[in-house]
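Peer 1: Have a look; sequence and predicted model below, questions after that.
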Amino acid sequence: MTISALPDGPFRGRPLVALLAIVALMLAAANLRGGLVVVGPLVEPIRAALDISASAFSLLTTLPLICFGVVSICVPWLTRCWAPQRLAIAGLLTISLGVALRLVDHYPLVILGTLVLGMAIAVLNVLIPGLVKDFFPRQVGIMTGFYSVTLSLGAGLGVYLAVPLMEQFGNWRYPVALWALLPLFCLLFWLPMLRVRGVGRPSNPVRVSLWRDKIAWAITCYMGLQSFYFYSMATWLPKILLESGLDAHQAGTATALINLVSIPFNLFVPILAARLRSQQWLVLGIFAASFAGVAGLWWQAAAAPMLWASLIGMGCGGSLSLALSFFVLRADNTAQATALSAMAQSIGYLLAALGPVALGVLRDLSGAWQWALGLMLVLQLMQLGFGWFSARPVNVVPDQDK
């Protein structure tokens, strides 16, 4: 069915505007990680330019996660004051400002830019699932899949292009500056969206509270545990493999497989989720891949590192896209989807910020990775339980509706 034929969508008879909306959403998604991760491959030249320690540099990657957790919860209030499209445009402009501040040679201003960048991304993280439901109420599966894939591709491009662009232009600021300019290009597609009114947006926005809803809490815990899992594995998998006897090239290749393998699962899991009344078997399949990957690392990391990394990538891609799907599938309207997204991402990213620290502490205390990986296996079982409960065909019920 074409977008123009949808009887309950905002683009009926306007396929070109629908195409603009798709491009606008995807371009926004592409900007949600690139400006953050681009600094990773540039650690040494940035540290030299700013004259900072490794721990000071680590704030450039950990502070945004804290911003995600703190700011996300405020987004539903913002949507009651301003239209989501206006907030999206303001978010893109703020991302550009935040990245630009990270180009200077003054460390306090770089930290300020990191905070600004993290807050802007937090707003868009919460807004986009609601806008997907708002703009494409009958195509939430495929649109969530596209969004999830574009999110991963944006992160991948940020890392992949960093060193080649630095070598091409002779300065680390060029690859970083790219992510200050791209949000401005996105505005060409977002400005026409100011005239679009989605079908799921109430005429008089009201406060939606889900803090006493069991489904909302289950989705929140599922989102938090999958974030904990992904950021822990992304941080420590290279170290785990190096300590198991692999060389740097093998460890790097295995780690890269996590993002590569996750891409098809980013796309197809939301499409399947939208077609199923219950997503419990999807939850079980994703758990099986994740659990097997971590169990393989716990048993003997060097035995089949590419297989373990591929299984972890399947689990990371599938669990993230399924969590994003829950935001729209378990909500009756855009306001509920935004509130659920805010609740789940605020707590989820705070948990994510704790993940690498917790595993690192366990490694230091025990002298090996078995205790840390054992914790991950236990948390995977907990994630299965929360996911199984979330996957039932039951929508959230706000406090005022109970």
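Peer 2: In hand now; what should we look at?

Peer 1: What is the neighbour count of Leu191?
Peer 2: Using other CB atoms under 10 Å, the number of residues around Leu191 comes to 13. In short, each C-beta sits where N, CA and C put it, glycine included.

Peer 1: Then the one 4 residues further on?
Peer 2: Residues within reach of Arg195, counting by other CB under 10 Å, total 8.

Peer 1: so the residue sitting furthest away from the middle of the chain, which of the three states?
Peer 2: Residue farthest from the centre of the chain, counting by CA atoms, centre = their mean, is Gly13 at 32.6 Å. Put simply, Gly13 is coil when judged by DSSP: H, G, I helix; E, B strand; the rest coil.

Peer 1: Quick check: which element contains the spatially closest residue to Phe11 that is not a sequence neighbour?
Peer 2: When the adjacent residues along the chain are set aside, Phe11 lies closest to Ala18, with 3.7 Å between them (CB to CB, 6 or more residues apart in numbering). In the assignment (DSSP states H and E), Ala18 maps to helix 15-30.

Peer 1: can you check Val396 too?
Peer 2: Under the criterion of DSSP H and E, Val396 resides outside all helices and strands.

Peer 1: That one: neighbour count?
Peer 2: Val396: 24 surrounding residues under other CB under 10 Å.

Peer 1: And for Leu307?
Peer 2: 14.

Peer 1: ditto for Leu178
Peer 2: A count of nearby residues for Leu178, using other CB under 10 Å, gives 18.

Peer 1: ok, now Ala18?
Peer 2: Ala18 sits with 22 neighbouring residues when counted by other CB under 10 Å.

Peer 1: thinking again about what came up before, which helices and strands sit right next to the helix holding Ala18?
Peer 2: Here helix 15-30 touches helix 84-101, helix 107-135, helix 140-169, helix 173-190, going by 3 or more CB pairs under 8 Å, 6 or more residues apart in numbering; DSSP states H and E.

Peer 1: and of the ones you listed, who's closest to Lys214?
Peer 2: With CB to CB, the closest approach to Lys214 among the helices and strands packed on helix 15-30 belongs to helix 107-135: 20.2 Å.

Peer 1: orientation of that closest one relative to helix 84-101 in degrees?
Peer 2: Here helix 107-135 runs at an angle of 160 degrees relative to helix 84-101 (axes from the mean of the first three to the mean of the last three CA atoms, to 10 degrees).

Peer 1: Next, the buried residues of helix 107-135.
Peer 2: For helix 107-135, the neighbour count (16 or more other CB atoms under 10 Å) marks 107, 110-135 as buried.

Peer 1: try stretch 84-91
Peer 2: Counting neighbours by 16+ other CB under 10 Å, one finds that the buried residues in stretch 84-91 are 84-85, 87-89, 91.

Peer 1: Take the residues you listed and write them to JSON lines, including pLDDT and distance to Ala331.
Peer 2: Listed next are the buried residues of stretch 84-91 as JSON lines, based on pLDDT from 0 to 100; distance: CB to CB, whole Å:
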{"residue": "Pro84", "pLDDT": "90", "distance to Ala331": "14"}
{"residue": "Gln85", "pLDDT": "92", "distance to Ala331": "19"}
{"residue": "Leu87", "pLDDT": "94", "distance to Ala331": "18"}
{"residue": "Ala88", "pLDDT": "95", "distance to Ala331": "19"}
{"residue": "Ile89", "pLDDT": "96", "distance to Ala331": "24"}
{"residue": "Gly91", "pLDDT": "96", "distance to Ala331": "21"}
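
Peer 1: so where's the stretch 301-402 of the chain uncertain?
Peer 2: Counting by pLDDT under 70, the stretch 301-402 of the chain contains low-confidence ranges at 400-402.

Peer 1: I should have written the chain there, sorry.
Peer 2: The model of the chain has pLDDT under 70 over residues 1-9, 198-206, 400-402.

Peer 1: In it, spot the helix with the most residues.
Peer 2: Taking DSSP state H as the criterion, the chain has its longest helix at helix 334-366.

Peer 1: what angle do that one and helix 107-135 make?
Peer 2: On the basis of the same axes, to 10 degrees, helix 334-366 is oriented at 140 degrees to helix 107-135.

Peer 1: I figured Ala120 hits Gly98, correct?
Peer 2: Yes: counting by CB atoms under 8 Å, Ala120 does reach Gly98; the two are 5.9 Å apart.

Peer 1: so how far is Val378 from Gly387?
Peer 2: 15 Å (CB to CB, to the nearest Å).

Peer 1: Please identify which of these two sits among more neighbours.
Peer 2: Gly387 (27 against 9).

Peer 1: Which residue is the nearest non-sequential neighbour of the more buried one?
Peer 2: Excluding its sequence neighbours, the residue lying closest to Gly387 (CB to CB, 6+ apart) is Val283, at 3.8 Å.

Peer 1: in which helix or strand would I find the one you found?
Peer 2: With DSSP H and E as the test, Val283 turns up in helix 280-300.

Peer 1: just checking, what packs against the next helix or strand after that helix?
Peer 2: Per DSSP H and E, the first helix or strand lying C-terminal to helix 280-300 is helix 305-329. If you count contacts as 3+ CB pairs under 8 Å, 6+ apart, helix 305-329 packs onto helix 107-135, helix 140-169, helix 214-243, helix 248-275, helix 280-300, helix 334-366, helix 370-390.

Peer 1: How far away from the center of its chain is helix 305-329?
Peer 2: Chain-centre distance of helix 305-329: 11 Å, with CA atoms, centre = their mean, to the nearest Å.

Peer 1: Name the residues of that helix that are buried.
Peer 2: By neighbour count on 16+ other CB under 10 Å, the buried set for helix 305-329 is 305, 308-329.

Peer 1: now swap in stretch 390-402 and tell me
Peer 2: Within stretch 390-402, the residues that count as buried by 16+ other CB under 10 Å are 390-391, 396-398.

Peer 1: and if you look at stretch 33-49?
Peer 2: By neighbour count on 16+ other CB under 10 Å, the buried set for stretch 33-49 is 33-39, 41-42, 46, 49.

Peer 1: do stretch 380-391 as well
Peer 2: Residues 380, 383-384, 386-391 are the ones in stretch 380-391 that count as buried (16+ other CB under 10 Å).

Peer 1: Run through who's touching that stretch.
Peer 2: Residues from elsewhere that reach stretch 380-391 (CB atoms under 8 Å, 6 or more residues apart in numbering): 214-215, 218-219, 221-222, 225-226, 229, 278-280, 282-284, 286-287, 290-291, 294, 319, 322, 326, 330.
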